[in-house]
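*Asks:* what's the 3D shape of this:
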Amino acid sequence: MSTYLIDGGRPLDGSVAVHGAKNSVLPILAACLLAPGTCVIQNCPRLTDVEASLAILRRLGCKAERQGEAVVVDATAPTGWEVPDSLMREMRSSVIFLGAILGRMGQARLCAPGGCELGPRPIDLHLAAIRTLGGTVEEADGGLFCSGSLRGADIVLSLPSVGATENAMLAAVCAQGTTTITNAAREPEIVDLQGFLQTLGASVRGAGSSVVTVEGGRPLHGGAYTVMGDRIVAATYLSAAAAAGGSVEVTGVDWRTLSTVTAVLTEAGCQVTSGRDRIFLKAQGPLKGVRPIRTAPYPGFPTDAQAPVMAALAGGTGCTVFVENMFDSRYRHVDELIRMGADIRVEGRVAVVYGVNRLHGAAVAASDLRGGAALVVAALGARGRTTITGLHHMDRGYQALDRDLQTLGAGIRRV
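*Replies:* Prediction:
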């Protein structure tokens, strides 16, 4: 079992480039299944969730291999349409393969997905979209069997689910006719998926707005595409610099996708300046409490950034209220932060953080991906040594987190 050993209290300094976005590359890898040809995905991070996606593609009869920072997928002649339980349990995002498999193969069988336990995340919206497109869905024994010839339709999502929007887009590319997805999620990663689908020859427009239109049934082909930088990794590094102090430049990310996060860090007392593909943060002295932070669908404050930002503010001064509107169980990191001296009160979806000026080292355990990142942020700003276990959660979304932080002068090592 791997452990992080972190000696806190060292200001961070330097520049770090973020890797490709986990939340972009997973649906893009699923989309590779749609194209009868070879796809080259550049800036593809080395994450366990990516490896799980590649394993699924191989199981479906595709060739998938890594070549440096790129992944090459040949989906010329897929043979499978079933994803076994062993692969589905590795990540919840595996459900994104549903629309692609059904669209390409005409049928799909999946088991219930795995991933971080963040409370109920039903896939009802995914299935409703498939049914609207003319697919049939049978649910039995914890699994799904979908089949049918898809046709364009008007899909209205009851809430702007990222996964349901992506699954609907993938299925609609293979449907005959025009599909309109209303109340679509607006996240930048959906814009990235649209860009990749267009590279394959698909007609998709509107991503980034609440209405996405897909002209389905067009012939597709392989292509090369570069994945956007990971804005949540960037938010984590900015939070780490805010907690530890110092001056850090984060490159390879569009600052506009993080404006709500940088606004909070600025209000907390950091100096933040942004360029076309970079964000610079300077932090001196303890952070101040800020106005209530409410997570919301994009362009609101991202739920994935809630835990790292909370960890930074917990070691500051003043009071900050967090309201988690996206998931029911996204405060699992709070108990571990309390072990480090944090003063946080949780009731339902609300967490009230009272800054204690400085956290202290402790033995803590990560219970989910972003909560684990929050513990790293807290440890970097804390007094003394912190040991963090449960690193397999962070390996799902962070490539060589310790190495990147070491380049900034952090006292972190993995043993």
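*Asks:* P292 and A307: what is the separation?
*Replies:* 16 Å (CB to CB, to the nearest Å). To be clear about C-beta, it is placed using only N, CA and C from the backbone, and glycine gets the same treatment.
*Asks:* A strand includes I130, no?
*Replies:* No. Counting by DSSP: H, G, I helix; E, B strand; the rest coil, I130 is not found in a strand; it is helix.
*Asks:* ranges for the helices of the stretch 251-400 of the chain?
*Replies:* Remark: helices assigned in the stretch 251-400 of the chain by DSSP state H, counting those that start in this stretch are 259-267, 303-314, 334-339, 369-381, 391-394.
*Asks:* which of the residues in the third one are buried?
*Replies:* In other words, helix 334-339. Residues 334, 336-339 are the ones in helix 334-339 that count as buried (16 or more other CB atoms under 10 Å).
*Asks:* How about the first one?
*Replies:* If you call a residue buried by 16+ other CB under 10 Å, then helix 259-267 has these buried ones: 260-262, 264-265.
*Asks:* now do the shortest one
*Replies:* Within helix 391-394, the residues that count as buried by 16+ other CB under 10 Å are 391, 393-394.
*Asks:* could you say what helices and strands that helix packs with?
*Replies:* With contacts taken as 3 or more CB pairs under 8 Å, 6 or more residues apart in numbering; DSSP states H and E, helix 391-394 sits against helix 369-381.
*Asks:* quick one, what contacts the spatially closest residue to R383 that is not a sequence neighbour?
*Replies:* In space, and not counting its chain neighbours, R383 is closest to H360: 5.0 Å by CB to CB, 6 or more residues apart in numbering. Neighbouring residues of H360 by CB atoms under 8 Å, 6 or more residues apart in numbering: 340-341, 382-384.
*Asks:* R109 is in contact with G143, isn't it?
*Replies:* Yes. Taking contacts as CB atoms under 8 Å, R109 lies within contact range of G143: 6.5 Å.
*Asks:* Look at V250 and give its secondary structure.
*Replies:* Assignment for V250 (three-state DSSP): strand.
*Asks:* Then A55?
*Replies:* Under three-state DSSP, A55 comes out as helix.
*Asks:* Retrieve the pLDDT associated with it.
*Replies:* A55 carries a pLDDT value of 96.
*Asks:* So what's the residue count around it?
*Replies:* Close neighbours of A55, defined as other CB atoms under 10 Å, add up to 16.
*Asks:* Next one: it from Y398, what distance?
*Replies:* According to CB to CB, A55 and Y398 sit 20 Å apart.
*Asks:* next one: A70
*Replies:* Taking CB to CB, one finds A70 at 19 Å from Y398.
*Asks:* Please enumerate the helices of the stretch 1-150 of the chain.
*Replies:* Ranges of helices in the stretch 1-150 of the chain, per DSSP H, counting those that start in this stretch, are 22-32, 48-59, 85-88, 97-105, 124-132.
*Asks:* Go through the ones you listed and find the least confident stretch.
*Replies:* Minimum mean pLDDT among the helices of the stretch 1-150 of the chain: helix 85-88, a mean of 86.
*Asks:* Buried by neighbour count: which residues of that helix qualify?
*Replies:* Of all the residues in helix 85-88, those buried under the rule 16+ other CB under 10 Å are 87-88.
*Asks:* so what secondary structure elements neighbour that helix?
*Replies:* Contact partners of helix 85-88 among helices and strands, from 3+ CB pairs under 8 Å, 6+ apart: helix 48-59, strand 107-111.
*Asks:* Quick one: list the elements packing against the first one.
*Replies:* Counting contacts by 3+ CB pairs under 8 Å, 6+ apart, helix 48-59 packs against helix 22-32, strand 63-67, strand 70-74, helix 85-88.
*Asks:* What lies in contact with it?
*Replies:* 22, 25-26, 29-30, 32-33, 44, 64-66, 71, 73, 75, 80, 83-84, 87, 90-91, 93-94, 97, 392, 395-397.
*Asks:* residue contacts, the closest residue to D85 other than its chain neighbours?
*Replies:* Nearest residue to D85, sequence neighbours excluded (CB to CB, 6+ apart): C111, at 4.2 Å. C111 is in contact with 83-85, 88-89, 142-144, counting by CB under 8 Å, 6+ apart.
*Asks:* could you point out where the protein is predicted with low confidence?
*Replies:* For the chain, the stretches flagged by pLDDT under 70 are 92, 112-122.
*Asks:* ok, M310 - contacts?
*Replies:* With CB under 8 Å, 6+ apart, M310 has these contacts: 320, 322, 333-334, 337, 344, 351, 353, 374.
*Asks:* mind running it again at 10 Å?
*Replies:* Taking CB atoms under 10 Å, 6 or more residues apart in numbering, we find M310 in contact with 239, 293, 320, 322, 324, 331, 333-334, 337, 342, 344, 351, 353, 371, 374, 377-378.
*Asks:* Equivalent analysis for Q107, please.
*Replies:* Counted by CB under 10 Å, 6+ apart, Q107 has contacts 81-82, 101, 135-136, 145-148.
*Asks:* One more pass at 7 Å, please.
*Replies:* 81, 146-147 (CB atoms under 7 Å, 6 or more residues apart in numbering).
*Asks:* Show me which of the residues you listed is closest to L157.
*Replies:* Checking the contacts of Q107 against L157 with CB to CB, the nearest one is C146 at 18.1 Å.
*Asks:* So that closest one is in contact with V137, correct?
*Replies:* Yes. Counting by CB atoms under 7 Å, C146 does reach V137; the two are 5.2 Å apart.
*Asks:* So for these two, which sits in the more crowded spot?
*Replies:* Neighbour totals were compared for C146 and V137, and C146 leads with 25 against 17 (other CB under 10 Å).
*Asks:* Distance check, the more buried one against V204.
*Replies:* C146 sits 21 Å away from V204, going by CB to CB.
*Asks:* try I232
*Replies:* 24 Å.
*Asks:* likewise V353?
*Replies:* 41 Å.
*Asks:* do V162 as well
*Replies:* 16 Å.
*Asks:* And the two? Which one has more around it.
*Replies:* V204 (24 against 20).
*Asks:* any idea which helix or strand comes after the helix or strand containing that one?
*Replies:* Using DSSP states H and E, the element containing V204 is strand 203-205. Sequence-wise, the next helix or strand downstream of strand 203-205 (DSSP H and E) is strand 211-216.
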